[in-house]
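[1] could you look at this predicted model? Sequence included:
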Number of protein chains: 2
Amino acid sequence: MASYKNKKVITIGIVSELTGLTERKIRYYEERKLIFPDRSSGGTRKFSFHDIELLMDIAEKMEDGMQTFEIRKQAKRAETEFEAKNRMRRGQLNAAFNMRKG
Amino acid sequence: MASYKNKKVITIGIVSELTGLTERKIRYYEERKLIFPDRSSGGTRKFSFHDIELLMDIAEKMEDGMQTFEIRKQAKRAETEFEAKNRMRRGQLNAAFNMRKG
DNA sequence: CGTGTAAGGAATTCTGACACG
DNA sequence: CGTGTAAGGAATTCTGACACG
């Protein structure tokens, strides 16, 4: 599942081509913690296709005048909600399981 | 469809890590026309995840003592069969379509 | 035939800084 | 704040060749 999409294997030059963003912008968005590329042993950044999609979303929001800290805040909120939903789902599954057991 | 799997975006160093093959071997298999990476404007090879899977198949066959020209022949044959199947399927579809059309 | 290696050069990427606004 | 750019260096990749077998 998600085997290709989340593998960090793409260098910044190709990400730049695919997204249309300059390398400068991509590095800056990393600095602002909007994306989290891996690094090779030599220090070269490695991105996933998921990162590329994220960058295109980010680019759109930047064009709409949003600032990096807002985008970051939004992303964090979305992630928190996601985790809450997961906890809730697991809770319900456990409840159902205990019902049957009990 | 196949959006990520066939995009040529991965450099040889990472392909080497992912497949466990040396760069030398990967370049040689290209020379023998077993794989067909793209090139950047500067000449750097770019591979897809599909290429990586191919390389792992190739590696296995090499370990079994198969020679590159045999592997190539086998690949060509498989491709020919694949295309024949496609032509046949299209032919049947057309026939069915013409039937209905009367 | 298939692969390792040393060689020299070119393409790619990295960081920190200055600039502008 | 967000981004361009020139600077210098380091990591990455490329090709052609020699070696061995």
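    Nice, thanks for sending it over. Keep in mind that this is a model prediction, so the values were computed, not measured.

[2] where does chain A get nearest to DNA strand C, residue-wise?
    Going by CB to the nearest atom of the strand, DNA strand C is nearest to A:Gly13 of chain A, at 2.4 Å. Quick note: C-beta positions are derived from backbone N, CA and C, even for glycine.

[3] list the contacts for the residue of chain A found nearest chain B?
    Closest contact between chain A and chain B, by CB to the nearest CB, is at A:Tyr4 (4.2 Å). Contact partners of A:Tyr4, counting by CB atoms under 8 Å, 6 or more residues apart in numbering or on different chains, are A:Phe49, B:Tyr4, B:Lys5, B:Phe49.

[4] what pLDDT, on average, does stretch A:64-77 get?
    Stretch A:64-77 shows a mean pLDDT of 98.

[5] does that stretch come close to DNA strand D?
    Yes - contact of stretch A:64-77 with DNA strand D (CB under 7 Å from any atom of the strand) involves A:Gln67, A:Thr68, A:Phe69.

[6] please enumerate the strands of chain A.
    Ranges of strands in chain A, per DSSP state E, are A:38-39, A:45-46.

[7] tell me the most buried of those?
    Among the strands of chain A, strand A:45-46 has the highest mean neighbour count (mean count of other CB atoms under 10 Å in any protein chain shown), at a mean of 20.

[8] quickly run through the sheet partners of it, with directions.
    With DSSP bridges as the test, strand A:45-46 is paired with strand A:38-39 (antiparallel).

[9] contacts for stretch A:50-59?
    Contacts of stretch A:50-59 (CB under 8 Å, 6+ apart): A:2, A:5-6, A:8, A:10, A:15, A:18-21, A:26, A:29, A:34-37, A:71.

[10] now do the buried residues in the longest helix along chain A.
    When chain A is parsed with DSSP state H, its longest helix is helix A:68-101. For helix A:68-101, the neighbour count (16 or more other CB atoms under 10 Å in any protein chain shown) marks A:Thr68, A:Ile71, A:Ala75 as buried.

[11] quick check: A:Glu30 touching A:Pro37?
    Yes - the criterion here is CB atoms under 8 Å, and A:Glu30 meets it with A:Pro37 at 6.2 Å.
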